[in-house]
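Engineer: turn this into a model:
(one chain, ligands or ions: 2)
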Amino acid sequence: MNLAIIGTGYVGLVTGACMAQMGNNVICVDIDEQKIDKLKKGIIPIYEPGLEEIVKENFKIGTLHFSTDIKEALNKSEIVFIAVGTPQGEDGSADLQYVLAVAKDIGRYMTHPLIVVDKSTVPVGTADKVRATIQQELQKRLESGEISQEKFNELMEFDVVSNPEFLKEGDAVNDFMKPDRVVIGADNPKSMEKLKELYAPFTHSHERFIGMDIRSAELTKYAANAMLATKISFMNEMARIAEAVGADINKVRVGIGSDRRIGYSFIYPGVGYGGSCFPKDVKALEKIALDAGVEPKIVKAVEEVNRTQREYFLSKILNRFGENLQGKRFAVWGLSFKPETDDMREAPSITIIKALTDRGAKIKAYDPKAMEEAKNFWLKNIKNIEYFDNKYDALNDADAMILVTEWKEFRSPDFYEMQKRLKNPIIFDGRNQYNKEKLQGIGFEYYQIGVK
Ligand SMILES: NC(=O)C1=CN([C@@H]2O[C@H](COP(=O)(O)OP(=O)(O)OC[C@H]3O[C@@H](n4cnc5c(N)ncnc54)[C@H](O)[C@@H]3O)[C@@H](O)[C@H]2O)C=CC1
Ligand SMILES: O=C(O)[C@H]1O[C@H](OP(=O)(O)OP(=O)(O)OC[C@H]2O[C@@H](n3ccc(=O)[nH]c3=O)[C@H](O)[C@@H]2O)[C@H](O)[C@@H](O)[C@@H]1O
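Structural biologist: Ligands and ions are numbered 1, 2, ... in the order given. All right, here's what the predicted structure looks like:
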């Protein structure tokens, strides 16, 4: 099929590349000219495992195109995906300005009735707003004489469908290619059939294809993210309880995860969830509920536990070194919000590094992929930070090492090399990566989450 994907970020680029890989003809559109120029030169603006290969391959064979011209892209397509950002607005709700700007463009430039698929995470009722925005633009075109009544009637056959995306960064291509499910919210059976056909190669059988009404599909996305965030906050609260009563959260995790009704995934305690989605989506769901007159007690608590989890981790460092950190140096391993990505949005490392440098500490940072992002943007205003190309070099003369992101290369480091480099053999592990007995046995002072 001929597809246009509007917004070439984490979701748009992965969707475009994977759709092209399955034999569709795809045009990826973005308003960011630099991004599109880079992509045309084969430079992938984000780090996402496996993405570069399929982008280059499909670009080369001509199934994947990049453009800043939405008009032309709409002209050549039968389905258009909206995959632009929906950041947190001032009152906590999702900011729809980018989605509605695309809807406006669609109404303005559509030359035949399109199926408009909303892939961005949006509040319940947004599909209606997208539909209304497109209709308004068509009406204007009719009134100005740009299109005839006949053409207007034809264009009004367009449809809006909800298709929330569930991929996670760091494994996005895999998630898109082999999804647990594809959710489509559509009122029109013809659009539902079309989307079923488009997604058939990804869902193999139709069992993974879940069709529903639009509002349920929109809410499904928030419910999924909030449920995953709830699991994490629950475990972070449990970790604090475990530590207070002298239990070991690592053992408790295995003890409960073995119950298939609970499962092992998303029950890893840590420094709190970050990233571009959980924080904003939990907040947006809270707003959706309040606007609908429902008090979202669990959702609020999930957010509160997450916020205070970073403080709980920080307090371990402050209890050990005191509130005044003048003259102290800390090596930080891991800056991105999770492994296998260079994304720094809402990364716990930002809060932790700011809190330490505000108290006078110097930071020696290392991350396998996110250092450029950190240096040029997210940690740009922090003076007392130095970046190293090697995880061991960051340790030299540091008072302690702080592990914030659990990249694979941190899993089994050379502890003797670490001891040689560090001023004090002290580790604050925000992701429970190591064995306490083993580390203590070789002379480390080791602090982790949920273990005294
Ligand atoms: N990042 C993720 O892992 C996931 C994100 N989502 C949702 O998908 C949506 C997109 O997220 P990301 O890909 O992370 O965002 P992003 O910020 O990486 O990319 C958005 C892109 O849209 C472009 N854009 C903005 N306005 C435009 C316009 N009028 N025309 C064309 N392009 C425009 C921006 O320049 C940017 O390149 C959000 O609603 C997010 O909540 C859903 C699932 C996973
Ligand atoms: O809507 C979205 O954008 C996406 O949000 C998350 O994906 P993502 O944020 O990319 O990454 P996750 O693997 O979910 O991690 C989110 C945060 O939770 C933390 N986490 C995760 C799992 C866990 O057990 N413990 C934990 O602290 C991670 O460190 C990270 O900071 C969801 O997993 C995706 O399904 C969803 O599509």
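
Engineer: okay, CA-based contacts and neighbour counts for the rest of this
Structural biologist: OK.

Engineer: can you count the residues close to the residue nearest to Leu195 when sequence neighbours are not counted?
Structural biologist: Counting by Cα to Cα, 6 or more residues apart in numbering, Leu195 lies nearest to Ile184, which is 7.6 Å off, once chain neighbours are set aside. As a burial measure, Ile184 scores 27 neighbours (other Cα atoms under 10 Å).

Engineer: mind checking pLDDT for Ile184?
Structural biologist: Reading off the confidence values, Ile184 has pLDDT 98.

Engineer: that one pairs with what?
Structural biologist: Using DSSP bridges, the bridge partners assigned to Ile184 are Gly211.

Engineer: dump the residue contacts of it.
Structural biologist: Going by Cα atoms under 8 Å, 6 or more residues apart in numbering, Ile184 touches 161-164, 192, 195, 209-214, 217.

Engineer: would you mind listing which of those residues are buried?
Structural biologist: 161-164, 192, 195, 209, 211-212, 214, 217 (16 or more other Cα atoms under 10 Å).

Engineer: let's have these in JSON lines, adding pLDDT, secondary structure and distance to Asn324.
Structural biologist: Below are the buried ones among the contacts of Ile184 laid out as JSON lines (pLDDT from 0 to 100; DSSP: H, G, I helix; E, B strand; the rest coil; distance: Cα to Cα, whole Å):
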{"residue": "Val161", "pLDDT": "98", "secondary structure": "strand", "distance to Asn324": "55"}
{"residue": "Ser162", "pLDDT": "98", "secondary structure": "strand", "distance to Asn324": "51"}
{"residue": "Asn163", "pLDDT": "98", "secondary structure": "coil", "distance to Asn324": "50"}
{"residue": "Pro164", "pLDDT": "98", "secondary structure": "coil", "distance to Asn324": "46"}
{"residue": "Met192", "pLDDT": "98", "secondary structure": "helix", "distance to Asn324": "60"}
{"residue": "Leu195", "pLDDT": "97", "secondary structure": "helix", "distance to Asn324": "58"}
{"residue": "Phe209", "pLDDT": "94", "secondary structure": "strand", "distance to Asn324": "56"}
{"residue": "Gly211", "pLDDT": "96", "secondary structure": "strand", "distance to Asn324": "57"}
{"residue": "Met212", "pLDDT": "98", "secondary structure": "strand", "distance to Asn324": "56"}
{"residue": "Ile214", "pLDDT": "98", "secondary structure": "helix", "distance to Asn324": "54"}
{"residue": "Ala217", "pLDDT": "98", "secondary structure": "helix", "distance to Asn324": "50"}
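
Engineer: show me which of these is closest to ligand 2.
Structural biologist: Proximity of the buried ones among the contacts of Ile184 to ligand 2 (Cα to the nearest ligand atom) peaks at Pro164, which lies at 8.2 Å.

Engineer: dump the residue contacts of the closest one.
Structural biologist: Pro164 makes contact with 118-121, 183-184, 217-218, 220-221, according to Cα under 8 Å, 6+ apart.

Engineer: ok, Pro179 next?
Structural biologist: 167, 202-203, 208.

Engineer: if you set the cut-off to 10 Å instead, what comes out?
Structural biologist: By Cα atoms under 10 Å, 6 or more residues apart in numbering, the contact set of Pro179 is 165-167, 172-173, 202-203, 208-209.

Engineer: mind checking which of those residues land in strands?
Structural biologist: Members of the contacts of Pro179 lying in strands (criterion: DSSP state E): Phe209.

Engineer: ok, the contacts of Pro179 vs Thr133, which is closest?
Structural biologist: Glu165 (22.6 Å; Cα to Cα).

Engineer: gap between the closest residue to ligand 1 within the stretch 201-350 of the chain and Val102?
Structural biologist: Closest contact between the stretch 201-350 of the chain and ligand 1, by Cα to the nearest ligand atom, is at Cys277 (5.4 Å). Distance of Cys277 to Val102, given as Cα to Cα, to the nearest Å: 21 Å.

Engineer: restrict the contacts of Pro164 to those near ligand 1?
Structural biologist: Among the contacts of Pro164, the residues that sit close to ligand 1 (Cα under 6 Å from any ligand atom) are 120-121.

Engineer: the residue nearest to Ala400 when sequence neighbours are not counted: neighbouring residues, count only.
Structural biologist: Leaving aside its chain neighbours, Ala400 sits nearest to Ile426 (4.7 Å; criterion: Cα to Cα, 6+ apart). Look at Ile426: counted by other Cα under 10 Å, it has 22 neighbours.

Engineer: one more: Phe202?
Structural biologist: By other Cα under 10 Å, neighbour count at Phe202 equals 22.

Engineer: so who does it touch?
Structural biologist: Contacts were defined as Cα under 10 Å, 6+ apart; by that measure Phe202 touches 18-19, 22, 176-182, 196, 208-209.

Engineer: so which of those residues is the closest to Thr341?
Structural biologist: Phe176 (16.0 Å).

Engineer: got the contact list for that closest one?
Structural biologist: 11, 14-15, 17-19, 165-168, 182, 202.

Engineer: export these to TSV and tack on distance to Asp389?
Structural biologist: Below are the contacts of Phe176 laid out as TSV (distance: Cα to Cα, whole Å):
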residue	distance to Asp389
Val11	29
Val14	28
Thr15	32
Ala17	31
Cys18	32
Met19	36
Glu165	34
Phe166	33
Leu167	30
Lys168	27
Val182	40
Phe202	39
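
Engineer: who wins for most neighbours among those residues?
Structural biologist: Ala17 (29 neighbours).

Engineer: can you list the residues of the chain near ligand 2?
Structural biologist: So the chain meets ligand 2 at 165-169, 225, 232, 265-270, 272-275, 277-278, 337-338 (Cα under 6 Å from any ligand atom).

Engineer: in the stretch 201-350 of the chain, which spans are helices?
Structural biologist: Here the stretch 201-350 of the chain has its helices, by DSSP state H, counting those that start in this stretch, at 214-245, 249-257, 278-291, 297-321, 348-358.

Engineer: and those as a markdown table, adding distance to Phe81?
Structural biologist: Below are these laid out as a markdown table (distance: least, Cα to Cα, whole Å):
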| stretch | distance to Phe81 |
| --- | --- |
| helix 214-245 | 15 |
| helix 249-257 | 37 |
| helix 278-291 | 20 |
| helix 297-321 | 29 |
| helix 348-358 | 31 |
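
Engineer: who wins for proximity to Asp32 among those?
Structural biologist: Minimum separation from Asp32 across the helices of the stretch 201-350 of the chain (Cα to Cα) falls at helix 278-291, 22.9 Å.

Engineer: in the closest one, which residues are buried?
Structural biologist: Buried-residue list, helix 278-291, by 16+ other Cα under 10 Å: 278-288.

Engineer: thanks a lot, see you next time.
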